[in-house]
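> when you get a sec, could you give me coordinates for this:
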Amino acid sequence: YGFMNLDWLPTLFENDTPYDGNSQLYLVDGDSGDFIMDMWHDTLGNLYDGSMGTRITKPGYDLETMIDDIANGRSGYYIFKSRTAGEYFYTRYQPVGINNWSIQLTVLESVAFAAFREIIRIIMTLGGVVTTITVAYIFIALVQHQRRLHQKQLQIRQTTFMFEVQQILFDAHEKPEMMVKALERAAQTLEAEGVLLLSLYDNLVHKVTAWRSDDAVFLDVNGGENLVADFLHSTKRLVENHSVLFYENDITSGLTQNELELMRLRNVHSIMLTPVLDAEGKLQGILCAVNLRKKWRTCSYLECVAHSFMMAMRNIESYQLIHNMGTIDVLTGLNNRNSYEVAIQRYANLRYNRLHCIYIDANGLHELNDQQGHKAGDEMLRFLANCICSVFGHEHTYRIGGDEFVSFAIDADVDDITARLVSLRRQVENNGYYISIGAAYQQYPEHSLERLLAQAEAAMYQDKRRFYKTHDRRNRQRNVFNNGGNISL
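From the prediction side, this is the model:
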């Protein structure tokens, strides 16, 4: 036990009051209700005298509970509203372990929660920052997603376009007109007045395949033009596997003044050029979209089909080569025996009024080969082929054997055929060669091609026998038509 002057007690807390002195500190005797210490009021009072009964208590708290707790040495909370301050006071009470005394701390709500409000303010600030960052992140993510979605849509459209062009070009080797169809599809996608495929050979335009709209104003490119020399800068970029995109008044295109002037002269206000390279990276052609109605940033649409056009060009060349090997006589350039066998089926089903068959054999070929060599014989056959084509055309003329030729004439007059045969024989003999000719014709409704061929061949052999019988006589009469008509030459 000890003794203490209670008047000194408040002085112990003068410089150490909670909440920086903005609080009320009391010491209460639970047995009597007397305030032993009151650091707020000038006089000491009593908790149990009913003077606090007029205070407004916050719901969930009551004065009687606090009085009972203090009287029985229990701790707790009590909240009431001050009429003078106009806000709630928060009170905490608990025993101090001396007698039945309890210490009571009362503080204004604004003071008690000042630190909490600062924390709330900081949290709100941080929340605002986090929200801003989150919104910005979501916005950026949405933009990137939209961009990726747009890119995927472009890729899908471009892939679909590439697939459509490949489908169109699939059988271009058999149907070369499909090349134009594919170019038209490219023009529709690029919204261009026209699209051209320029095949190059030795820096010259070897072949031009083009599609152009009805309202196109640009000038056509002609075969034989030296575009490499005219558009040197652009060609250099194409050779380096770089596309060229030009729009009128575009100072970043890199085209020379000469190229720009040539564009203007050709009525070209925009152009997209993409190289067509072979497997070795050599420039074999140029895909060219002219006068674009849409502003494009890249040449990706043309670039993605350049290889397809390259393959189509190669397929057409290969197919034509194989076709020629199978259907064209290498020595003379005429249709060969294979073409003849296919053609006679066509002639057999042909509707005509009159069909002529002319059978021609080169006289003395064997002797010429023996005496002067096969080179001389080859020259003779090439000469005869040219003569026959000059009279009867190339389409219906065939070399069916070593020295045998057959021509057909559809709906020709007999006198016209007779005059042609006279002209043919004169051409040949004026150059020191000789031929045997047999000709026959049949008229509608007779359609026996087998008999027609036999008649013409028989007439040719008859003419050949006469030749070898009287080969030293240049002026003679020969029967060239068999069962179809007779003519004297």
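
> how about the strands in the stretch 1-150 of the chain?
Under the criterion DSSP state E, counting those that start in this stretch, the stretch 1-150 of the chain contains strands at 23-29, 35-38, 56-57, 76-81, 88-95, 101-108.

> same question, the stretch 151-300 of the chain
Using DSSP E, counting those that start in this stretch, strands in the stretch 151-300 of the chain cover 192-201, 204-212, 244-247, 270-277, 283-292.

> report pLDDT for the residue nearest the centre of the chain.
Nearest to the geometric centre of the chain sits Gln158, at 2.7 Å (Cα atoms, centre = their mean). We have a pLDDT of 90 for Gln158.

> pretty sure it contacts Ser300?
Yes: under the criterion of Cβ atoms under 8 Å, Gln158 makes contact with Ser300 at 6.4 Å. Using the backbone N, CA and C atoms, a C-beta is placed for each residue, glycine as well.

> which secondary element of this structure has the worst mean pLDDT?
helix 227-230 (a mean of 68; mean pLDDT, DSSP states H and E).

> can you tell me how far Gly30 sits from Thr57?
20 Å (Cβ to Cβ, to the nearest Å).

> neighbour count winner among these two?
Gly30 (22 against 18; other Cβ atoms under 10 Å).

> contacting residues for the closest residue to the more buried one other than its chain neighbours?
Among residues not flanking Gly30 along the chain, Asn100 sits closest, at 3.8 Å (Cβ to Cβ, 6 or more residues apart in numbering). For Asn100, the contacting residues are 29-31, 71, 73, by Cβ atoms under 8 Å, 6 or more residues apart in numbering.

> just among the residues you listed, which is most surrounded?
When neighbours are counted by other Cβ under 10 Å, Gly30 leads those with 22 neighbours.

> do a quick rundown of the helices in the stretch 301-450 of the chain.
Secondary structure of the stretch 301-450 of the chain (DSSP state H, counting those that start in this stretch): helices located at 337-348, 365-372, 374-392, 414-429, 449-469.

> same for the fourth one, what does it pack against?
It stands for helix 414-429. Counting by 3 or more Cβ pairs under 8 Å, 6 or more residues apart in numbering; DSSP states H and E, the packing neighbours recorded for helix 414-429 are strand 354-363, helix 374-392, strand 434-443.

> return the most buried member of those.
strand 354-363 (a mean of 24; mean count of other Cβ atoms under 10 Å).

> paired strands for it, with orientation please.
In the sheet, strand 354-363 lines up against strand 404-410 (antiparallel), strand 434-443 (antiparallel) (DSSP bridges).

> among these, which is nearest Phe170?
strand 404-410 (34.4 Å; Cβ to Cβ).

> buried set for that closest one?
Of all the residues in strand 404-410, those buried under the rule 16 or more other Cβ atoms under 10 Å are 404-409.

> mind putting the residues you listed in JSON lines, pLDDT and distance to Phe113 included?
Formatted as JSON lines, these follow (pLDDT from 0 to 100; distance: Cβ to Cβ, whole Å):
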{"residue": "Glu404", "pLDDT": "95", "distance to Phe113": "120"}
{"residue": "Phe405", "pLDDT": "97", "distance to Phe113": "117"}
{"residue": "Val406", "pLDDT": "97", "distance to Phe113": "116"}
{"residue": "Ser407", "pLDDT": "96", "distance to Phe113": "116"}
{"residue": "Phe408", "pLDDT": "96", "distance to Phe113": "114"}
{"residue": "Ala409", "pLDDT": "95", "distance to Phe113": "116"}
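
> and the strands paired with strand 354-363 as CSV, adding distance to Arg425?
Shown next, in CSV, are the strands paired with strand 354-363 (distance: least, Cβ to Cβ, whole Å):
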stretch, distance to Arg425
strand 404-410, 13
strand 434-443, 7
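
> mind checking which of those is nearest Ala454?
It's strand 434-443; of those, that one is closest to Ala454 (Cβ to Cβ) at 8.5 Å.

> packing partners for the biggest helix by length in the chain?
Secondary structure of the chain per DSSP state H: the longest helix is helix 114-169. Helix 114-169 sits against helix 177-190, helix 300-327, with contacts defined as 3+ Cβ pairs under 8 Å, 6+ apart.

> the ones you listed: which one's closest to Asp42?
It is, among the helices and strands packed on helix 114-169 and with distance given as Cβ to Cβ, helix 300-327, at 91.1 Å.

> what residues of the closest one count as buried?
301-306, 308-310, 312-313, 315-316, 327.

> next one: the residue nearest to Gly30 from Asp69, what distance?
Asn100 is 12 Å from Asp69, by Cβ to Cβ.

> check Thr160 too.
From Thr160 over to Asp69 (counting by Cβ to Cβ), the distance is 83 Å.

> these two: which is more packed in?
Looking at Thr160 and Asp69 with other Cβ under 10 Å, you find the greater number of neighbours at Asp69, namely 19 against 11.

> so that one is in contact with Tyr93, correct?
Yes: with contact defined as Cβ under 8 Å, Asp69 counts as touching Tyr93 (6.8 Å).

> next, show the common contact partners of the two.
Taking Cβ under 8 Å, 6+ apart as the contact rule, Asp69 and Tyr93 both touch 75-76.

> mind checking which of the helices and strands packed on helix 414-429 is nearest Asn5?
helix 374-392 (146.3 Å).

> okay, the closest one in PDB with CA atoms only?
Taking C-alpha atoms only, helix 374-392 is exported to PDB below (Å, rounded to 0.1, in the frame of the first residue of the first chain):
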ATOM      1  CA  HIS A 374      19.900 -36.500-143.800                       C
ATOM      2  CA  LYS A 375      20.500 -32.800-143.300                       C
ATOM      3  CA  ALA A 376      19.500 -32.200-147.000                       C
ATOM      4  CA  GLY A 377      16.500 -34.500-146.500                       C
ATOM      5  CA  ASP A 378      15.400 -32.500-143.400                       C
ATOM      6  CA  GLU A 379      15.700 -29.300-145.300                       C
ATOM      7  CA  MET A 380      13.500 -30.700-148.000                       C
ATOM      8  CA  LEU A 381      10.800 -31.800-145.500                       C
ATOM      9  CA  ARG A 382      10.800 -28.400-143.800                       C
ATOM     10  CA  PHE A 383      10.400 -26.700-147.100                       C
ATOM     11  CA  LEU A 384       7.500 -29.000-148.200                       C
ATOM     12  CA  ALA A 385       5.800 -28.400-144.800                       C
ATOM     13  CA  ASN A 386       6.000 -24.600-145.300                       C
ATOM     14  CA  CYS A 387       4.600 -24.900-148.800                       C
ATOM     15  CA  ILE A 388       1.700 -27.000-147.700                       C
ATOM     16  CA  CYS A 389       0.900 -24.700-144.800                       C
ATOM     17  CA  SER A 390       1.000 -21.700-147.100                       C
ATOM     18  CA  VAL A 391      -1.700 -23.400-149.300                       C
ATOM     19  CA  PHE A 392      -3.900 -25.300-146.800                       C
END
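
> pLDDT on that helix, on average?
Rounded mean pLDDT across helix 374-392 is 95.
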